[in-house]
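**Student:** fold the following.
(one chain, ligands or ions: 1)
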Amino acid sequence: MNARLQTLLALSLLPGMAAARSASNAVVVRGVRLIDGTGRPPIENAALVIEGGRIRSVGESGAVRVPKGAKEIDLRGKTLMPALIDLHTHLGLTRNGLEAAPGSYTTENIRAQLERLLAYGVGTVVCLGTDEDLIYELRDEQRAGKLPGARFLTAGRGFGVVGGFPPGMGAGDRYRPKTPEEARAQVRELARHHPDFVKMWVDDDFGRLPKMRPEVYRAIIAEAHRHKLRAVAHVFYLADAKALLDAGVDALGHSIRDLPVDRELIDALKARGVIYIPTLVRDESTFAYAQGPEWLGDGFFQAGLAPTVMATLESPQFKERFSANPDLARYRAALEMGKRNLKTLLDAGVRIGFGTDAGPPLRFQGYFEHRELQLMVESGLSPLQAIVCATRHAGEFLGRASRLGTLAPGQLADFLVLDVNPLEDIRNTEKLSAVWQAGTPSGSILAQ
Ligand SMILES: [Zn+2]
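**Tutor:** Here you go, the predicted model:
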């Protein structure tokens, strides 16, 4: 990670931090089962000492030294785990979650979305390529402690193709370079805003749309690197993933969904230290509403919805319209391939991150992160493996200076308080009783 981003992350301790820092007293949380995010087995009956928004010490309850005068909080019977970090989201694309209404990209709407994400236990999100320039003002506000909710990082305006990906979103707010020269100039323009990442789309919608040419994405990646920015690619096809790796891409922002991954890809991912971010729930959302997924009835899902949304999702007209999509079978197959590839890559030792692609219509921020964990477990990961992807691995991708993703001394005190152990059943991440951000507790979505 580049030094400038490290400094910014270190400085941007963000919401809750200022308040927590001014309180000089330490807090000790006791009696919990603690999943620290590293992949180690949980500590039963742990204590966690928090000071200035950060974790000061953690361990077996009897073994942790507690500063004099620390406030004791007894959370006996609860399980703590790091807050979720979603490496692939979008902000401000819809108001009600159902349609992409124009005028959704406002401070007020983005603020509401960030607050909802945090109430669902998502401590940090990376917004990949659909932001407008307003995002940089909001990022400054958040760093100054004035914008509550999930922390966010942004790729600003992403790079797509004229008449191609990303489809169905206004053209004015993306770069769509036609030549490598244009691509380089646009990356330079983007870099002036100091985005956290650079995003590009490499896809052709089952051959129906023009795909970004390799010389263009090579130029984007090279120019991004010249500005010490890391490049994240939307990808669908195995062949494109290999070509992107060859071009130096830093992260794959979706599952590979056309073919089983092979040794060549695994070797390239590992050799280059590239993180693979499956977004299984995104693929599920492309077909599941035709029948109404089982989770429509989940109170944790419903807790975050605008009032009329359920009525729409359950209406026969909506389901009929959704079922008429001729691509449903392909979408279903894409999810199955994505799940199979996730298991193969994890077993091969590839670094797996965590993402949802939530934020566009019908991809519900907050709930989708929990559903993604469930789909990862359905793919064959253990609950602990899935949690590590969504905490430690995602935090490491943001950089060590982010101090996110694990519950260890020096890290920010961002964690979930769960009523039931998620290692027994990953669906227990939905039994969310509180969310702490930089040492400050707030209520979960279930309390709102
Ligand atoms: Zn996306």
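
**Student:** C-alpha only now, for contacts and for neighbours.
**Tutor:** OK.

**Student:** how about the strands in the stretch 101-250 of the chain?
**Tutor:** In the stretch 101-250 of the chain, the strands defined using DSSP state E, counting those that start in this stretch lie at 122-127, 151-154, 197-202, 230-235.

**Student:** any idea how far residue 436 is from residue 237?
**Tutor:** Distance, residue 436 to residue 237, by C-alpha to C-alpha, to the nearest Å: 39 Å.

**Student:** neighbour count for those two, which is higher?
**Tutor:** residue 436 (25 against 20; other C-alpha atoms under 10 Å).

**Student:** the helix or strand harbouring that one pairs with which strands?
**Tutor:** Secondary structure assignment for residue 436, by DSSP states H and E: strand 432-437. Partner strands and pairing direction for strand 432-437 (DSSP bridges) are strand 415-418 (antiparallel), strand 440-443 (antiparallel).

**Student:** which ones are touching residue 391?
**Tutor:** By C-alpha atoms under 8 Å, 6 or more residues apart in numbering, residue 391 lies in contact with 37, 82-85, 404-406.

**Student:** in helices, which of these appear?
**Tutor:** Per DSSP state H, helices hold no members of those.

**Student:** residue 278: which of those residues is nearest?
**Tutor:** Among those, residue 85 lies closest to residue 278 (C-alpha to C-alpha), at 13.2 Å.

**Student:** show me the contacts for that closest one.
**Tutor:** Counting by C-alpha under 8 Å, 6+ apart, residue 85 touches 122-125, 354, 390-391, 394-395, 405.

**Student:** redo that, cut-off 10 Å
**Tutor:** The neighbourhood of residue 85, defined by C-alpha atoms under 10 Å, 6 or more residues apart in numbering, consists of 121-126, 150-152, 353-355, 369, 389-395, 398, 404-405.

**Student:** just the pLDDT for it.
**Tutor:** Looking at residue 85, its pLDDT reads 98.

**Student:** what separates it from residue 429, distance-wise?
**Tutor:** Distance, residue 85 to residue 429, by C-alpha to C-alpha: 14 Å.

**Student:** which residues do those two both contact?
**Tutor:** Residues touching both residue 85 and residue 429 (C-alpha under 10 Å, 6+ apart) are 121, 369.

**Student:** report the separation between the two terminal residues of stretch 340-355.
**Tutor:** Stretch 340-355 has an end-to-end distance of 17 Å (criterion: C-alpha to C-alpha).

**Student:** buried residues in it?
**Tutor:** Residues of stretch 340-355 classed as buried by neighbour count (16 or more other C-alpha atoms under 10 Å): 340-346, 350-355.

**Student:** would CSV of the strands of the stretch 101-250 of the chain with distance to residue 167, mean pLDDT and mean neighbour count be doable?
**Tutor:** Formatted as CSV, those follow (distance: least, C-alpha to C-alpha, whole Å; pLDDT from 0 to 100; neighbours: other C-alpha atoms under 10 Å):
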stretch, distance to residue 167, mean pLDDT, mean neighbour count
strand 122-127, 17, 98, 26
strand 151-154, 20, 98, 24
strand 197-202, 10, 98, 26
strand 230-235, 13, 98, 25
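
**Student:** need those strands in a markdown table (columns: distance to residue 138).
**Tutor:** Output for these, formatted as a markdown table (distance: least, C-alpha to C-alpha, whole Å):
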| stretch | distance to residue 138 |
| --- | --- |
| strand 122-127 | 13 |
| strand 151-154 | 10 |
| strand 197-202 | 16 |
| strand 230-235 | 21 |
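
**Student:** nearest to residue 31, out of those?
**Tutor:** Closest approach to residue 31 among these is made by strand 122-127 (23.0 Å; C-alpha to C-alpha).

**Student:** sheet-wise, list the partners of the closest one with their directions.
**Tutor:** Counting by DSSP bridges, strand 122-127 is paired with strand 84-89 (parallel), strand 151-154 (parallel).

**Student:** show me how far that strand is from its chain's centre.
**Tutor:** From the chain centre to the centre of strand 122-127 is a distance of 5 Å (C-alpha atoms, centre = their mean, to the nearest Å).

**Student:** between that strand and strand 197-202, how many degrees?
**Tutor:** Per axes from the mean of the first three to the mean of the last three C-alpha atoms, to 10 degrees, the angle that strand 122-127 makes with strand 197-202 is 60 degrees.

**Student:** and of the strands of the stretch 101-250 of the chain, who's closest to residue 60?
**Tutor:** strand 122-127 (25.2 Å).

**Student:** dump that closest one to CSV, restricted to CA.
**Tutor:** Below are the C-alpha coordinates for strand 122-127, written out as CSV (Å, rounded to 0.1, in the frame of the first residue of the first chain):
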residue,chain,number,x,y,z
VAL,A,122,-21.0,-3.7,8.3
GLY,A,123,-18.2,-1.4,9.7
THR,A,124,-16.5,-0.5,6.4
VAL,A,125,-17.4,-0.6,2.7
VAL,A,126,-15.5,0.0,-0.5
CYS,A,127,-17.6,1.7,-3.1
